[in-house]
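In: Got a sequence here, can you build the structure:
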Amino acid sequence: MNSISPALVAAGFAVTVLALGPVASTEPGRRFGAWFRNLGGAYRLVLVLGFTALVFGTSFAYDVSPVTIQTVIFGSVVGLTVHVVSRILSDRLSND
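Out: From the prediction side, this is the model:
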């Protein structure tokens, strides 16, 4: 695949929005969030870099195109942006 797939953008967006919203509100999601916040900065960095290595290692092992990964990441960044903007707007509107 050498072109951006709207389905993969949507998949990255949906997974990110679900993970930051409804899934984060569940009991396991709250426990994971608390555990992650209690980690020191170095451990967080190791965890994030380990996840990144896992994603890219898997992509090389299964010959996934870089465009595919970039497309999903783009959808995730859009989802993260929507989440942050909605939280900012929600906080501002609730304080008025």
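
In: host element of the spatially most central residue of the chain?
Out: Computing the C-alpha centroid of the chain and ranking residues by CA atoms, centre = their mean puts T16 first, at 4.5 Å. Under the criterion of DSSP states H and E, T16 resides in helix 6-20.

In: Please apply the same query to A24.
Out: Using DSSP H and E, no helix or strand contains A24.

In: unless I'm mixing things up, it is touching R31, no?
Out: No. Look at A24 against R31 with CB atoms under 8 Å: they stay out of range, at 10.7 Å. To be clear about C-beta, it is placed using only N, CA and C from the backbone, and glycine gets the same treatment.

In: So these two - more neighbours on which side?
Out: A24 (14 against 10; other CB atoms under 10 Å).

In: which strands and helices sit next to the helix or strand where G50 lies?
Out: In the assignment (DSSP H and E), G50 maps to helix 41-61. Where contact means 3 or more CB pairs under 8 Å, 6 or more residues apart in numbering; DSSP states H and E, helix 41-61 is packed against helix 66-94.

In: buried stuff in the helix it packs on?
Out: 69, 71-72, 75-76, 78-80, 83 (16 or more other CB atoms under 10 Å).

In: and those, which two are the farthest apart?
Out: By the measure CB to CB, I69 and H83 form the most distant pair in the buried residues of helix 66-94, at 20.9 Å.

In: Quickly note the distance from V15 to L80.
Out: 11 Å (CB to CB, to the nearest Å).

In: again with V17
Out: Relative to L80, and taking CB to CB, V17 is found at 9 Å.

In: about what we covered before: got the confidence number for the nearest residue to the residue nearest to the centre of the chain once chain neighbours are set aside?
Out: Once flanking residues are discounted, T16 sits nearest to G79: 3.3 Å by CB to CB, 6 or more residues apart in numbering. Looking at G79, its pLDDT reads 97.
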